[in-house]
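Trainee: Predicted model and sequence below, questions to follow.
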Amino acid sequence: MVRKMGARSIVVEDVLERSDILEELGHLEASSDLTGGDVTACAVTFLRCGVRRDRDANRIESNAVIGQVTIITFPTAEGKRSYVFEAILRLPGSQYGTEPLLNNHVPISSELALSFMGVTHTIPSSYFCQQNGLTSICPHSAVRTLIRTMTSRSVSVPQLNESWRYDPRTRKVTTVQVGHALREFGDLRAIPYDPGKSWKPNLSEGWELPALLADSGSASLLVLSDGHTDHVIPVLGHTINSDEWHPIGTQLHKKGQTTVSSSSLWTDHLVMHDDMLGPYFCLSKAGLLPAKDAPLKPRLAIAILPEGVKVSPTQAEDFARQILGLLIREIAPTGFGQGRWWKHLSELRERQVFRTTLITRDEYIATLPDTTHTGQAKEVLAQKLPETMWMSEISVPNLFIGNRSKLGEVLVRADQFPPDTGADPLAVLNSLAGFRLPSIISWPVGIDGDLSFEMMRWPEREHRPIYAPKHHRNWW
């Protein structure tokens with residue numbers, strides 16, 4: 001990876017006396033049977049610039065720093081073993097600059113500091129570490145990766161093992177323990193989603209949850225299993241392929257098919273760290289399909305979400321699809337909706353595309369235009385909308401992939417589930433927090449459980465850009 005990013009020189013330093021290295025080695029020695037032999041620890045810093053003859057590190061700019069990898073080597077009965085104790089690696093970019101890769105979005109990142117030759121640099125990056133196979137396994141790496149990347153806090157293997165009462169002989173860490181560690185050391189709220197019947201790796205539903213979480217800028221841990229052993233990988237981002245054929249092409253010649261699609265169908269990879277292989281690997285949808293030579297399949301997804309969020313993005317998107325159908329059937333006969341795009345949407349002339357991301361009330365209001373005709377509505381929305389909600393943006397294929405545009409959005413409550421919609425199809429409206437469609441905007445005005453909504457004329461009748469604060473500008 002560093003070769004692709006234009007590495008021209010390296011700096012290798014002995015860091016055996018660093019306090020965190022000594023803590024790791026002390027715990028390793030106390031918890032396992034190490035044989036005699038040398039222990040080494042070195043930090044390798046990768047640079048885009050050439051070797052400086054004056055060796056003046058102060059004259060090396062931060063843009064020239066690709067990242068740093070700290071490697072520990074220790075003796076075992078089988079021979080020497082090496083692993084990446086930690087690494088801070090710049091987000092993938094072009095070879096001769098810092099321009100992000102096209103449609104490669106890694107929102108789970110931060111400005112992390114690294115030091116070499118006595119100088120500290122801060123670079124946009126994520127944290128990576130490997131298990132050592134004795135005192136740590138993949139859950140250790142996954143938890144340390146998310147906490148350091150998302151909060152800049154450091155958590156050590158000894159701290160995790162003390163909290164988990166980890167036994168190296170059983171090599172067992174539970175989902176509950178992972179959640180407790182994320183909360184204890186990172187103040188991160190973990191919600192496990194058991195795929196159950198809805199997660200079918202041979203269907204699109206099996207891809208939606210991690211893909212929508214990634215697009216929303218929400219970190220997750222994907223638990224893959226071969227039936228006997230689990231492997232935990234942190235998902236930090238995703239890639240988008242606007243030229244993907246199958247989301248629409250497979251439906252062109254079929255009748256009676258659903259008239260909706262999820263934006264997750266254009267997410268062609270999840271960007272993740274694998275502590276067995278390395279950082280910034282891409283997991284395709286095909287990688288989740290069961291195969292004889294690839295027995296791993298998804299068993300669990302652990303989402304990192306704010307307090308109060310109970311509904312998953314896949315559930316919210318399903319509610320939004322039902323709600324939109326009800327709204328169109330209710331509004332269309334009244335003639336309240338106006339404009340060509342309202343007509344296009346209400347007459348179901350084209351497949352609808354839903355894109356669901358988590359958004360706060362203030363963030364949503366900031367997406368609306370600020371004019372004399374919208375001020376009243378924005379003031380009311382500031383009072384009526386919940387603090388955090390799922391926003392299902394509504395588009396059609398050509399607008400979405402060609403213009404990155406949408407026709408409106410359905411706002412779904414993230415803090416509660418509707419009553420059983422099987423008994424009453426209208427019950428799903430309990431999840432509706434508000435909506436905007438061409439020429440229309442609406443918010444709840446119900447009192448004492450009444451599901452009344454007020455609709456107001458809205459000046460926008462055309463399509464407008466999708467909400468993408470977690471995406472860099474290097475997109476299709």
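Mentor: It's in.
Trainee: just so I have it, where are all the helices in the chain?
Mentor: Assigned by DSSP state H, the helices in the chain fall at 19-31, 138-151, 157-164, 175-186, 205-215, 246-249, 313-331, 340-346, 361-367, 375-384, 397-398.
Trainee: Using JSON lines, lay out those helices together with mean pLDDT, distance to Ser439 and mean neighbour count.
Mentor: No exception for glycine: its C-beta is placed from N, CA and C like everyone else's. Conversion of the helices of the chain to JSON lines gives the following (pLDDT from 0 to 100; distance: least, CB to CB, whole Å; neighbours: other CB atoms under 10 Å):
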{"stretch": "helix 19-31", "mean pLDDT": "92", "distance to Ser439": "59", "mean neighbour count": "15"}
{"stretch": "helix 138-151", "mean pLDDT": "97", "distance to Ser439": "40", "mean neighbour count": "25"}
{"stretch": "helix 157-164", "mean pLDDT": "96", "distance to Ser439": "54", "mean neighbour count": "18"}
{"stretch": "helix 175-186", "mean pLDDT": "96", "distance to Ser439": "44", "mean neighbour count": "18"}
{"stretch": "helix 205-215", "mean pLDDT": "85", "distance to Ser439": "27", "mean neighbour count": "24"}
{"stretch": "helix 246-249", "mean pLDDT": "78", "distance to Ser439": "27", "mean neighbour count": "15"}
{"stretch": "helix 313-331", "mean pLDDT": "93", "distance to Ser439": "10", "mean neighbour count": "21"}
{"stretch": "helix 340-346", "mean pLDDT": "93", "distance to Ser439": "5", "mean neighbour count": "17"}
{"stretch": "helix 361-367", "mean pLDDT": "95", "distance to Ser439": "17", "mean neighbour count": "16"}
{"stretch": "helix 375-384", "mean pLDDT": "89", "distance to Ser439": "13", "mean neighbour count": "14"}
{"stretch": "helix 397-398", "mean pLDDT": "90", "distance to Ser439": "21", "mean neighbour count": "14"}
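Trainee: What about the spatially closest residue to Leu296 that is not a sequence neighbour, how many residues nearby?
Mentor: The shortest distance from Leu296 to any non-neighbouring residue, by CB to CB, 6 or more residues apart in numbering, is to Leu224 (4.2 Å). Neighbours of Leu224 under the rule other CB atoms under 10 Å: 21.
Trainee: ok, now which ones touch Ala142?
Mentor: Residues near Ala142 by CB atoms under 8 Å, 6 or more residues apart in numbering: Val178, Leu221, Val232, Ile233, Pro234, Asp275.
Trainee: That one and Leu270, how far apart?
Mentor: 14 Å (CB to CB, to the nearest Å).
Trainee: same deal with Ile71?
Mentor: For Ile71 relative to Leu270 (CB to CB), the value is 27 Å.
Trainee: follow-up on the earlier one: tabulate the helices of the chain (TSV), appending distance to Leu47.
Mentor: As requested, the helices of the chain are arranged in TSV below (distance: least, CB to CB, whole Å):
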stretch	distance to Leu47
helix 19-31	22
helix 138-151	22
helix 157-164	29
helix 175-186	30
helix 205-215	30
helix 246-249	41
helix 313-331	40
helix 340-346	51
helix 361-367	38
helix 375-384	48
helix 397-398	44
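Trainee: who wins for proximity to Ala414 among the ones you listed?
Mentor: Shortest distance between Ala414 and these, using CB to CB, is found for helix 313-331: 6.9 Å.
Trainee: In contact with Glu86, which residues are there?
Mentor: Counting by CB under 8 Å, 6+ apart, Glu86 has contacts Val69, Thr70, Tyr127, Phe128, Cys129, Arg144, Arg148.
Trainee: nearest residue to the residue positioned nearest the centre of the chain other than its sequence neighbours?
Mentor: When CA atoms, centre = their mean is applied to the chain, the residue found nearest the centroid is Ala214 (2.5 Å). Counting by CB to CB, 6+ apart, His238 is the residue found nearest to Ala214 once chain neighbours are left out, at 3.9 Å.
Trainee: List the contacts of that neighbour.
Mentor: His238 makes contacts with His105, Ala211, Ala214, Asp215, Thr267, His269, Leu270, Val271, as judged by CB under 8 Å, 6+ apart.
Trainee: Show me what it is bridged to.
Mentor: Beta bridges link His238 to His105, Leu270, judged by DSSP bridges.
Trainee: so Ser261 touches Arg351, yeah?
Mentor: Yes - contact criterion CB atoms under 8 Å: Ser261 and Arg351 qualify, at 5.7 Å.
Trainee: These two - which one has more neighbours?
Mentor: Ser261 (21 against 17).
Trainee: and the more buried one, what does it touch?
Mentor: Pro247, Ile248, Arg351, Gln352, Val353, Phe354, Pro397.
Trainee: now with 6 Å?
Mentor: Counting by CB atoms under 6 Å, 6 or more residues apart in numbering, Ser261 makes contact with Pro247, Arg351, Val353.
Trainee: The last one: neighbouring residues, count only.
Mentor: When neighbours are counted by other CB under 10 Å, Val353 registers 25.
Trainee: Distance of it relative to Ser395?
Mentor: Separation of Val353 from Ser395 (CB to CB) stands at 5 Å.
Trainee: Where in this protein is the helix or strand with the lowest mean pLDDT?
Mentor: Here the helix or strand of the chain ranked lowest by mean pLDDT, DSSP states H and E is helix 246-249, holding a mean of 78.
Trainee: Alpha carbons only: can I get that one in PDB?
Mentor: The C-alpha trace of helix 246-249 is given here as PDB (Å, rounded to 0.1, in the frame of the first residue of the first chain):
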ATOM      1  CA  HIS A 246     -26.700  -5.400 -11.600                       C
ATOM      2  CA  PRO A 247     -28.800  -3.000  -9.400                       C
ATOM      3  CA  ILE A 248     -30.900  -2.000 -12.400                       C
ATOM      4  CA  GLY A 249     -29.900  -4.300 -15.300                       C
END
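Trainee: Alright, that wraps it up for me.
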